[in-house]
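> this one's sequence-less:
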């Protein structure tokens, strides 16, 4: 028997082995290393302790180190580091409001989101961290092993040590299982990407009290809860291959969960070949228009944005508001600082419509153009919006499928949880993540900017950058938690 | 027998079939459809006829429709279309000159470079065009079937009909074989990409006198000649899969040509797995710094750029010069117009060092950061530079491997031809394309920003955008012509 391996995965043997090991970890719903009951006790204790931290909104003028540049109005840190809030002038071919100017977070550096994994009794466990971020709804969430900026990574300056970061810098004696740049929120960031990494270690690593080892199965259970698993963890986990193939038995059984598992299999026959999928996205990226011009923040006034002493807001109360916060801690564990945050004006909706096509579960994906996209369009959930922004918008310009999703009966809802976006940049940014089983007779045909794909097709594209936007990656992590 | 197809090519059967058919076309060194002798006669005749076109350098002020904006100094067309010449301020971590400001071509639209293919007597033939571009060294070169801007493509305005464009717009009754956005020169363009397409048609298409059908084997023979096959054709052809696998017998024989063919096989064992290759590039993209700021063109004066009545030039006589040309035709076939062009100040060098590792030919690839890169770094040839820019540069900052390549004896040179870059934007932009067989004992170990890869690995990455820069894609087309 000769197997002709396609060229872009000559190491398929090793990759399939990795995928198999993650499947084993995903099927471990609990673990003696950190039983879930013990995790909850520990997480409550860490949250209690870290909640001595106080986060208060303050006037911009009271932020230490941050100021508005006189000539541009840009909000910058005096060190020139971290990030800036600038203006972005956008021209698109959208039918409803096609040109505008808005504030945008500019952070050209690539940071690292890294998860360490290690086998305990033959099962891969992920090292996660209880971490405070000022914008988190509950202050503390479960984070990857490492969230580090490029400055930490390249040791440009000597900040506080980031635990485990050296392992990601040196990678000595370790194996890289995931290593890919992925984008972050295109509505709020200009061209932002982070390096998503999973690193396997074979030796013991030091224990820190803010960290615990969990199986993928345990993390997926926690993903059913609101505001526990943070966005950074979700995006890194979405890149972890859990493809059914070769060594893993094909999932059996009926019901939505079994359908999700089978849609992750390499044997799942997709409606569209991968060449068709890529050609579809290339066509959207060529057809759609996105001209971005970085401008001084004061140009955002062109679209009505108004700066007061403690916020930069849109006059309609839509979109988001730029605010300032002060972070103070009673204890000595966490330093005090102040910083700007982007506060969405209401929660968003990120939803999949899912449907069996030729017996295989497919989800409806849209190619979405966002103000800050690096690459014109990325794939996004079926519905991806802040519904409130469309309250006064004519019927024909409402986001497609929004009404179907909102009207879905409980009997068709397969996943429904509120989750937070990154609390280091966003203030109480909440999204409702939904997976809806489409009703019988829902059409196979999709409008031009939409395409039905299997979960395995989505997963396989995560070897590469800028195909799936962060909201789609999060939702892909969530759907596997059903 | 069950074959477990990796997930990112579920349509591998069809893709392997396409690759096999292109291999057949590549092995057809001549064809009765357009015998090479007939091609040369035709090409000489078209060149003769089109050479009535006169291209003259003129002062900027004499260009119809183009002007310098008063406030920015940007060079723009009064319609707001085509492209602009603006300023780009760059901060990098290069050891030699790490920050600078330069003129840059800004063209945010995505154009199409498309080749139609059709079977004649069971062999795929490509429809190529004899086309005048004002910056071409010999004025006329062999172009893809279609070179169209987004404005042509979306029919924003009604320009002259572009032959065959409707086939690429509608794709009805045709099959898309290649469809991917690829970058263009990062030293001269800001974030520029074009859509590289190959479309198979099954019906007859109208004949135009400027077009001919050639096999891939015929085009590869023409690639051995200087300045015949233009850059756009080279980049589209580089994306054509000609992987040996399945149906195609493994190439036999000894010698460099056989080694090249075997390196294109899916069975070629690479030194580094694809996961390692992608992780290496991700690491470079995270580690290296590239901060780009679009600024008014007059800011280029910060780095000494000087504008006179007929050029914008660097005071050291290095890099490139922005010039204006007038294009006039005695006949009525070609309209008259004027436009700016970027004229490199001397020819460049694009070279592969090639080496057998475990019996498989590998080429040494660098991850290169260019001023206008969309994605920090892309893969580039072993040597990629204009040697003259380094004449006064200290030894330790000279481009790595430049001296080895220049000193290579004729007995180790496997390909050596001058080729032009895109004559619609560049004036007499010539590069020497070289493939050097590395001497015995040349080390397997590579410096951090370099990696040995097989040709099949490079080829397989061309399913995706922004991995291989245009110079590497051109060289990949050339090495297959040996």
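That came through, no problem. None of these values were measured; they are calculated from a predicted model.

> which strands and helices sit next to the lowest-mean-pLDDT helix or strand in chain A?
Lowest by mean pLDDT, DSSP states H and E among the helices and strands of chain A is helix A:150-154, with a mean of 74. Here helix A:150-154 touches strand A:111-120, helix A:165-170, helix B:274-287, going by 3 or more C-beta pairs under 8 Å, 6 or more residues apart in numbering or on different chains; DSSP states H and E. Glycine gets a C-beta too; all of them are placed from N, C-alpha and C.

> Mean pLDDT added to these, as TSV?
Shown next, in TSV, are these (pLDDT from 0 to 100):
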stretch	mean pLDDT
strand A:111-120	97
helix A:165-170	92
helix B:274-287	95
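
> How many neighbouring residues does the closest residue to chain B within the stretch 201-350 of chain A have?
Among the residues of the stretch 201-350 of chain A, residue A:273 lies closest to chain B, at 3.3 Å counting by C-beta to the nearest C-beta. Per other C-beta atoms under 10 Å in any protein chain shown, the neighbour tally for residue A:273 reads 18.

> cool, and residue A:442?
The number of residues packed around residue A:442, counting by other C-beta under 10 Å, is 13.

> and it, how far is that from residue A:400?
Note on residue A:442: its distance to residue A:400, by C-beta to C-beta, to the nearest Å, is 13 Å.

> Ok, residue A:205 next?
For residue A:205 relative to residue A:400 (C-beta to C-beta), the value is 47 Å.

> Give me the pLDDT value at the residue of the stretch 201-350 of chain A closest to chain B.
As predicted, residue A:273 sits at a pLDDT of 94.

> wait, doesn't it sit right on residue B:14?
Yes - with contact defined as C-beta atoms under 8 Å, residue A:273 reaches residue B:14; the gap is 6.6 Å.

> Near chain B, which residues of the stretch 151-300 of chain A are found?
Neighbours of chain B within the stretch 151-300 of chain A, by C-beta under 8 Å from any C-beta of the partner chain: A:153-154, A:176, A:179-181, A:195, A:243, A:245-246, A:266-267, A:269-270, A:273-276, A:278-279, A:282-283, A:285-287, A:289-294.

> Give me the ChimeraX select line for those residues, limited to the buried ones.
In ChimeraX syntax, the buried subset of these is picked out as below (16 or more other C-beta atoms under 10 Å in any protein chain shown):
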select /A:153,154,176,179,180,181,195,243,245,266,267,270,273,274,275,276,278,279,282,283,285,286,287,289,290,292,294
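
> For residue A:28, which non-adjacent residue is spatially closest?
residue A:215 (4.0 Å; C-beta to C-beta, 6 or more residues apart in numbering or on different chains).

> Now for that neighbour, how many residues are close by?
26.

> tell me the contacts of it?
A:25, A:26, A:28, A:29, A:30, A:31, A:33, A:123, A:124, A:125, A:126 (C-beta atoms under 8 Å, 6 or more residues apart in numbering or on different chains).

> let's see it at 7 Å
By C-beta atoms under 7 Å, 6 or more residues apart in numbering or on different chains, the residues touching residue A:215 are A:25, A:28, A:31, A:123, A:125.

> ok, now residue A:269?
Shown in contact with residue A:269 (C-beta under 7 Å, 6+ apart): A:358, A:360.

> Against chain B, how distant is residue A:33?
Distance check for residue A:33 against chain B: by C-beta to the nearest C-beta, to the nearest Å, it reads 27 Å.

> That residue contacts residue A:123, correct?
No - using C-beta atoms under 7 Å as the test, residue A:33 is too far from residue A:123 to be in contact (8.3 Å).

> for the residue lying closest to residue A:318 once chain neighbours are set aside, helix, strand, or coil?
Of all residues not flanking residue A:318 in the chain, residue A:389 sits nearest, at 5.0 Å (C-beta to C-beta, 6+ apart). With DSSP: H, G, I helix; E, B strand; the rest coil as the basis, residue A:389 sits in helix.

> Compute the distance between residue A:184 and chain B, please.
From residue A:184 to chain B the distance is 15 Å (C-beta to the nearest C-beta).

> Next, the closest residue to that residue other than its chain neighbours: phi, psi?
Leaving aside its sequence neighbours, residue A:184 sits nearest to residue A:192 (C-beta to C-beta, 6+ apart; 4.4 Å). The phi/psi pair for residue A:192 (degrees, to the nearest 10) reads phi -80, psi 140.

> what's near enough to touch residue A:192?
Neighbours of residue A:192 in contact, by C-beta under 7 Å, 6+ apart: A:107, A:183, A:184.

> Mind doing that once more with 10 Å?
The contact partners of residue A:192, taken as C-beta atoms under 10 Å, 6 or more residues apart in numbering or on different chains, are A:83, A:104-111, A:182-186, A:372, A:374, A:425, A:470.

> related to what we said a few turns ago, what sits opposite the residue nearest to residue A:28 in the beta ladder?
residue A:125 (DSSP bridges).

> any idea how far residue A:120 lies from residue A:33?
As judged by C-beta to C-beta, residue A:120 and residue A:33 stand 5 Å apart.

> between these two, what contacts are shared?
Joint contacts of residue A:120 and residue A:33 (C-beta under 10 Å, 6+ apart) are A:213, A:215.

> So between the two, which is more surrounded?
Higher neighbour count among residue A:120 and residue A:33: residue A:33, with 18 against 14, using other C-beta under 10 Å.

> State whether that one is indeed within a helix.
No - per three-state DSSP, residue A:33 lies outside any helix segment and is coil.

> Read off the pLDDT value for it.
Residue A:33 is given a pLDDT of 98.

> So which residues of chain A form helices?
A:12-27, A:36-50, A:150-154, A:165-170, A:216-222, A:231-238, A:256-263, A:274-287, A:402-406, A:455-461, A:470-479 (DSSP state H).

> Quickly, which of those bottoms out on average pLDDT?
Lowest mean pLDDT within the helices of chain A: helix A:150-154, at a mean of 74.

> residues in contact with that one?
Contacts of helix A:150-154 (C-beta under 10 Å, 6+ apart): A:79, A:81-82, A:107-112, A:114, A:146, A:148, A:156-162, A:165, A:168-169, A:194-195, B:93, B:286-289.

> What remains of the residues you listed if I keep only buried residues?
Those of the contacts of helix A:150-154 that meet the buried threshold are A:81, A:107-112, A:114, A:146, A:148, A:162, A:165, A:168-169, A:194-195, B:286-289, by 16+ other C-beta under 10 Å.

> Quick check: residue A:22 touching residue A:245?
No - Residue A:22 lies out of contact with residue A:245 (C-beta atoms under 10 Å); the separation is 11.9 Å.

> Those residues of the stretch 301-450 of chain A touching chain B, which are they?
A:374, A:375, A:376 (C-beta under 10 Å from any C-beta of the partner chain).
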